[in-house]
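Enquirer: got a structure for you, letters missing:
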């Protein structure tokens, strides 16, 4: 059915593991995003690609009851990313977006912990989406012969 | 001295009387000023230019253009008289006058002036609004315009008269003076007027004072103070009110925000907010939040670690919340470090965290048990936690990614003022697992690509026999991230202890030209359940509910993200959706929520709500807006609003009508009507709309 | 460059009845119309005025041997005191005192420079008209 393992020997994106360096984080959200990118693509021992990103988040009250209580918050997140090769050429640019949610009905301490966790989960979801999109977009570039696939170091 | 350049069709030189006569398409450039005219006579003996028009004199940056029929200027064009002149400032504000005198290359003084930034058509010459004045002086350097005996007219009808009026020109962004007034009328406060006055205190500080008086005996003064420092900035705002809506004689609110860059990458940020009573922020339209959290945080984030020392205090505005029995002051410190593990390979993390929260009440009992939240009124908690985690991935030739992962946590708790749980507790737990991930890829040269990714995780965890009461981990969420967390409890009080298998499959379709989507399904399978997750989380029971999440975005500007947690009997436990469409002249954002009630989350009714927020550009100048929020349980809208914004080349009119139907002991339903009119051409930062066409 | 206060703007005004002397590398006479052709480093002098060109045709009054008109082609430079002008060609009618210079005319007077397609100078009253895409510079408040 046309599918092939992304990381198989000689595969299209075999060389993506261990070669992507995400830009240094400057906020807790960015720290969680970079951590998940490195969990999924390994630490960049052999740095071939640079991943730049800008993060925007927005918290919106939902589930407002008739006695004016906000029972839940949606945390919208959007990350625009750019993958550049060693020469600095832009290979891939794109945007991923999603939202997570947290309840605001427990005690203030429960709400605070739920909000912090929702922020980290949002960044991990967007990081996973970024990895899938990088695989897809790089595979198209290799298929179109516009870039050559680096061989994995394994 | 500096040379002036002149270009002309013909130049006549006559000796003796020392004159140059330039005829035809004359252009003179000098110190950035550009003069164009039909003919110019330069008389060098008295260093003057006699100019026959139509002529135009334009400043270097084009922000001041003077048109006239004829003029007599000094050779350096800084001094002189232009007759039947029209001055255009920043392509917006036009002032026509019988004569205009240029003084010192800086001032333009005019008599019998008509000033307006509105389109003036030959067919109907009276502009939408105009200011007629006996005398006007424009100071290019100070970017100010002074009007003497000014008369403001709308559609040619005199509306009011001001002996002396001073307005900023369109380049002026920082000058003391009145800002545009706005009208706000609500069913609670009656019709009111806000007239802000902006006061600059040097380049780095300013103060805005806004009196707000309304018919139903409510007097308010709003204040906003801003100050910029070399390493940061602060903004303090608030308001003081006396009205007879409540028995409080003085009502008001305060908010202080700011952040500073400290040496060695440290940052200090604070956001402190407080209000006098539960309904104030809503009555006066400052905020609709029902819980205020004030934070002061010292933090540093670097590639391999972050440090955060934070103080958070809460003020709940909900009637049923008693601020004495809610944790009102939280102090926590987090030190997190990530590192490679050298010979062992993979990566590890260390997180050390201290946390404490206090309740002002000292009572060790929970008087409203069993209905209460099961926490004694006065309980104070302090905690020290240390957690290490480790993961290492191996990739086989077939592309199967096998990841070993594990984490261990050690906690020490001390609880006070709690009859049931007074004392200290320690806990040491750990969880370990293996994750098999096999990403499959299909890409075609026409740009469409698919990623199919099955993932299986087998996790084992130790029991938590510490008996630590769970207070901060009651609000659990099941989504594409928590599906793979080793500990799905958001806080530290509870730790996930059931061994389980997590299965998941995600399919990503990517097509830059058409539409892209990501679908994810997942489920948690357990041999026995020792965690007792809440009903609404969908993670409870032996096996969890099904998680299904999808996000779509179309190149045409439509994006939607939806997530559902579905019980094994196909009953919807929780469903949420957010969608937004921005296409041509329509912008629409909508959200939906469906969640079953869950006592463990202190939520005793189902939550079912639909919201929408739409804006439609009827034509380039007119935008209509509508927003609504419908609560299915209450069977009525909780918030509804309409708005119109009309923006043309010389005026911005913003009209808004909103109805809030939420009622509680302190909050009653209100209808708000707001109107603000702002003239374009005075003060910068206002974007003009498209000019109307002349018919 | 400070402007010399005394010089009036009048161009090259001078007495056109002064004798004209011409030097050149070679010289030939055309008996049909009585005109003379000078070529090669031609230099014409009349009082303080100097005209240099590579080709000069001189027309004489039919009865007397007085010069009626000078026609210079092949690049002309005209100089007198602080003023100098150059162009592709020029002709000077002695009795009317009119000099007409054509083709990339460039007139410089002390610091200010005038350029255009055609310059007509009346040597008798020092007035002149430059036309055709004229551009010049002047120093406001110079004097």
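Expert: Ah, there it is. This structure is a prediction, so every number in the text was calculated from the model and none was measured.
Enquirer: can we go C-alpha only for contacts and neighbour counts from here?
Expert: Fine.
Enquirer: residue B:385 touches residue B:414, doesn't it?
Expert: No. The pair residue B:385 and residue B:414 does not pass the contact test of Cα atoms under 8 Å, sitting 11.9 Å apart.
Enquirer: show me what contacts the residue nearest the centre of chain B?
Expert: In chain B, the centroid-proximal residue (Cα atoms, centre = their mean) is residue B:287; its distance is 13.1 Å. If you count contacts by Cα atoms under 8 Å, 6 or more residues apart in numbering or on different chains, residue B:287 has them with residue B:281.
Enquirer: from residue B:275, how far out is it?
Expert: 11 Å (Cα to Cα, to the nearest Å).
Enquirer: and what of residue A:92?
Expert: 48 Å.
Enquirer: any idea of the pLDDT on the residue nearest to the centre of chain B?
Expert: The per-residue pLDDT reported for residue B:287 equals 89.
Enquirer: which SS class is it?
Expert: With DSSP: H, G, I helix; E, B strand; the rest coil as the basis, residue B:287 sits in coil.
Enquirer: how far away is it from chain A?
Expert: If you measure residue B:287 against chain A using Cα to the nearest Cα, to the nearest Å, the figure is 12 Å.
Enquirer: cool, residue B:678 as well?
Expert: With Cα to the nearest Cα as the criterion, residue B:678 and chain A are 29 Å apart.
Enquirer: next up, the contacts around the residue nearest in space to the middle of chain A.
Expert: Nearest to the mean C-alpha position of chain A, counting by Cα atoms, centre = their mean, stands residue A:127 at 1.7 Å. When contacts are counted by Cα under 8 Å, 6+ apart, residue A:127 touches A:33-34, A:36-37.
Enquirer: who's in contact with residue 43?
Expert: You didn't pick a chain, so chain A it is. A:18-21, B:347 are the contacts of residue A:43 under Cα under 8 Å, 6+ apart.
Enquirer: wait, I meant chain B there
Expert: B:18-20, B:49.
Enquirer: now with 6 Å, please.
Expert: residue B:19 (Cα atoms under 6 Å, 6 or more residues apart in numbering or on different chains).
Enquirer: tell me, what's the model's pLDDT at it?
Expert: The per-residue pLDDT of residue B:43 was computed as 84.
Enquirer: and it, how far from residue B:82?
Expert: 17 Å.
Enquirer: can you pull out the strands in the stretch 351-500 of chain B?
Expert: In the stretch 351-500 of chain B, the strands defined using DSSP state E, counting those that start in this stretch lie at B:380-395, B:401-416, B:423-437, B:440-443, B:449-461, B:500-510.
Enquirer: redo those strands as CSV? Include mean pLDDT.
Expert: Output for the strands of the stretch 351-500 of chain B, formatted as CSV (pLDDT from 0 to 100):
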stretch, mean pLDDT
strand B:380-395, 94
strand B:401-416, 95
strand B:423-437, 95
strand B:440-443, 92
strand B:449-461, 96
strand B:500-510, 96
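Enquirer: to chain C, which of these lies closest?
Expert: strand B:500-510 (61.3 Å; Cα to the nearest Cα).
Enquirer: direction included, what does the closest one pair up with?
Expert: Sheet pairing of strand B:500-510 (DSSP bridges) gives strand B:449-461 (antiparallel), strand B:515-526 (antiparallel).
Enquirer: mind giving me CSV with the ones you listed and columns for distance to residue B:429?
Expert: Putting the strands paired with strand B:500-510 into CSV (distance: least, Cα to Cα, whole Å) gives the following:
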stretch, distance to residue B:429
strand B:449-461, 8
strand B:515-526, 19
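Enquirer: nearest to residue C:73, of those strands?
Expert: strand B:515-526 (75.3 Å; Cα to Cα).
Enquirer: now the element after the closest one, going C-ward?
Expert: strand B:546-554 (DSSP states H and E).
Enquirer: run me through the strand neighbours of that next one, direction for each.
Expert: strand B:515-526 (antiparallel), strand B:558-566 (antiparallel).
Enquirer: read off the pLDDT value for residue 8.
Expert: Let's take chain A. pLDDT, residue A:8: 89.
Enquirer: please go with chain B instead
Expert: Looking at residue B:8, the pLDDT reads 92.
Enquirer: right, and it touches residue B:28 too?
Expert: No. Using Cα atoms under 6 Å, residue B:8 makes no contact with residue B:28, being 8.7 Å away.
Enquirer: more crowded one of these two?
Expert: Set residue B:8 next to residue B:28 and count neighbours by other Cα atoms under 10 Å in any protein chain shown: residue B:8 wins out with 26 against 23.
Enquirer: which SS state does that one fall under?
Expert: Applying three-state DSSP: residue B:8 is strand.
Enquirer: grab the nearest non-local neighbour of it.
Expert: Spatial nearest neighbour of residue B:8, excluding adjacent residues (Cα to Cα, 6 or more residues apart in numbering or on different chains): residue B:26 at 4.3 Å.
Enquirer: go on, residue A:123?
Expert: Per Cα to Cα, 6+ apart, closest to residue A:123 is residue A:33, 5.0 Å.
Enquirer: circling back to that earlier point, in TSV, list the strands paired with strand B:546-554 along with mean pLDDT.
Expert: TSV is the format used below for the strands paired with strand B:546-554 (pLDDT from 0 to 100):
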stretch	mean pLDDT
strand B:515-526	95
strand B:558-566	95
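Enquirer: so which of those strands comes closest to residue B:128?
Expert: Using Cα to Cα, the nearest of the strands paired with strand B:546-554 to residue B:128 is strand B:558-566, at 38.8 Å.
Enquirer: just the residues contacting the closest one, thanks.
Expert: B:545-553, B:572-581.
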